[in-house]
Every structure is written in C-alpha cells, then in structure tokens.
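what's the 3D shape of this:
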Amino acid sequence: MSTAKKINVAFADDHPMLRKMLASYVNSIGDYKVIFEVDNGEELTKEINKHHIPDIVILDVSMPVMDGYQTAQWLKTHHPYIKVIMLSSFSNESTVIRLLKMGIKGYLLKTAEPDELKRALHDVYYKGFYYSEFITGKLLFALNDNTAPDGNKPRNFTEKELRFLELACTDDTYVQIAEKMHVSRFTIDDYRNNLFEKCNVKSRVGLIVYAIKNNLINIEE
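This next block holds a predicted model:
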C-alpha cells in the first residue's frame with residue numbers, strides 16, 4: 001500500500017445520498033481522501049476557516065444559502081490555490097459561459113460515469129483543468145495556452161461586433177442580445193457568423209474562450 005500523501009478532497013452538495021456515494025467512491029480510489037462534506041457553500045467556508053484546507057473542492061452548481069458560483073468566487077478570492085470542480089445536472093451553454101468567465105477549469109456532469117470523476121480529479125490536480133466532452137480539446141488548448149499563433153491574434157472588429165461579443169459573453173440568448181442591440185435576429189446571426197470567421201471558432205463557447213484569451217472581456221465577476 002502506498003504511503004504517499006493523499007490528495008485532500010471536500011464536497012459541497014445539498015443532495016446527501018449522492019454526496020455520500022461520491023465521497024465513498026473518491027475514498028476508494030486510493031490517492032484521495034475526503035476530509036469533509038457539507039450541504040452548501042456557506043458550510044464549506046466555515047470548515048475551511050477552521051483550517052480544514054482541501055486540495056480539491058467539488059461544488060454543486062445549485063445549492064441553497066450559497067450556491068456553487070458564489071462559493072467558487074469566494075475560493076478564488078481567499079484560497080486561489082484550491083482546485084475547483086463544478087458539478088452540475090445541466091450542460092447548457094449559459095452555464096459553460098459563466099464558468100469560463102469565472103475562470104473555473106473543472107466541470108463535470110452528474111450523469112458522468114465514476115471513471116470520469118476519477119479522471120477529472122487527476123486532470124484538475126495535475127494539469128489544472130478538466131471539462132466534459134462538449135467543450136472540445138481545441139478550445140481548452142486555446143484557453144490554457146498563453147501564446148497565440150499569428151492566425152489567432154485579434155482581428156479588426158467593428159464597433160457592433162465588439163458590442164455583440166460583449167453580450168455574447170453573458171447569459172443572454174441571441175434573441176435577448178438582438179433586443180438590447182435594437183437589431184433583428186438575422187442581423188445578430190450576421191455578427192455571430194462574421195466573428196466565427198474572424199476568430200476562427202465554430203461555437204459561442206469558442207467566442208468566449210477567444211475573448212478571454214485575448215483580454216477582450218473582463219472575466220472578474
């Protein structure tokens with residue numbers, strides 16, 4: 001049996017049965033030890049303030065009192081070295097956009113197989129990031145690479161395109177963006193397609209990654 005120091009993990013999830021099952025699985029892996037599990041972010045902050053400091057925190061996105069977003073922001077401010085994996089039932093675009101803007105680099109669906117949780121723990125701890133398969137490896141490379149190839153440097157954007165990019169980096173739908181810009185949905189499609197071509201991406205999430213990497217938006221919440 002290995003005597004190497006184990007990686008400490010903490011859980012914050014308001015579903016006790018799921019939380020305990022996940023904690024039991026993590027403890028069974030061998031390299032990890034769950035040091036505490038709580039119902040929400042507020043309880044997690046109290047445990048950490050008692051000097052129970054985990055290496056990795058697994059947060060449910062939706063929790064009462066203090067949700068995953070608020071808790072992740074607190075961790076980023078007070079303990080930026082703690083790795084965070086967000087756990088969610090949803091893979092919708094707005095959730096991914098919000099996580100990318102917050103700088104969270106671990107995201108796992110609750111429907112994932114146990115082996116994926118094991119891989120997520122390993123990758124977040126040793127590589128610094130893990131996302132489910134709907135965010136492509138190419139986009140992850142773009143997000144984590146500090147050097148942009150010549151073909152991926154910021155292009156000349158129109159004022160309208162920059163405004164669209166700013167709004168695309170929010171939770172707004174394309175219809176809501178069209179309303180805020182006082183243009184038709186068809187015009188919004190033109191802005192989007194032009195930016196896809198200029199930024200060499202194929203999705204809205206790709207635009208967010210491009211904007212973050214090239215400092216075109218402020219990711220501080």
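
mind checking which helix or strand residue 11 is in?
For residue 11, the host element (DSSP states H and E) is strand 7-12.

what does that strand rub up against?
Identification of contacts with strand 7-12 by CB atoms under 8 Å, 6 or more residues apart in numbering yields 19, 22-23, 26, 31-41, 43-44, 47-48, 52-60, 63, 68, 71, 121, 125. (Each C-beta comes from the backbone N, C-alpha and C, glycine too.)

check contacts around residue 23.
Per CB under 8 Å, 6+ apart, neighbours of residue 23: 9, 11, 34, 37.

now do 7 Å
When contacts are counted by CB atoms under 7 Å, 6 or more residues apart in numbering, residue 23 touches 11, 34, 37.

Out of those, flag the one nearest to residue 162.
For these, the minimum distance to residue 162 (CB to CB) is 40.6 Å, reached by residue 11.

before we move on, back to that, now the strand holding residue 11, how far from the chain's geometric center?
17 Å (CA atoms, centre = their mean, to the nearest Å).

following that strand, which helix or strand shows up next?
helix 16-29.

Name every strand pairing with the helix or strand that that next one is followed by and say which way it goes.
Once the chain leaves helix 16-29, the next helix or strand it forms, by DSSP H and E, is strand 32-38. Strand 32-38 has its sheet partners listed here by DSSP bridges as strand 7-12 (parallel).

how big is the angle separating the strand it pairs with from helix 16-29?
Using axes from the mean of the first three to the mean of the last three CA atoms, to 10 degrees, the direction of strand 7-12 lies 170 degrees away from that of helix 16-29.

Show me which parts of strand 7-12 are buried, residue by residue.
Buried residues in strand 7-12, defined by neighbour count with 16 or more other CB atoms under 10 Å: 7, 8, 9, 10, 11, 12.

just the helices in the protein please.
Using DSSP state H, the helices of the chain run over 16-29, 41-49, 68-78, 93-102, 114-126, 137-144, 159-168, 174-181, 185-199, 204-213.

ok, back up a step: which of the contacts of strand 7-12 count as buried?
19, 22-23, 26, 32-41, 43-44, 47-48, 54-60, 63, 68, 71, 121, 125.

what stretches of the protein score poorly on pLDDT?
1-3, 90-94, 97, 131-155, 217-221 (pLDDT under 70).
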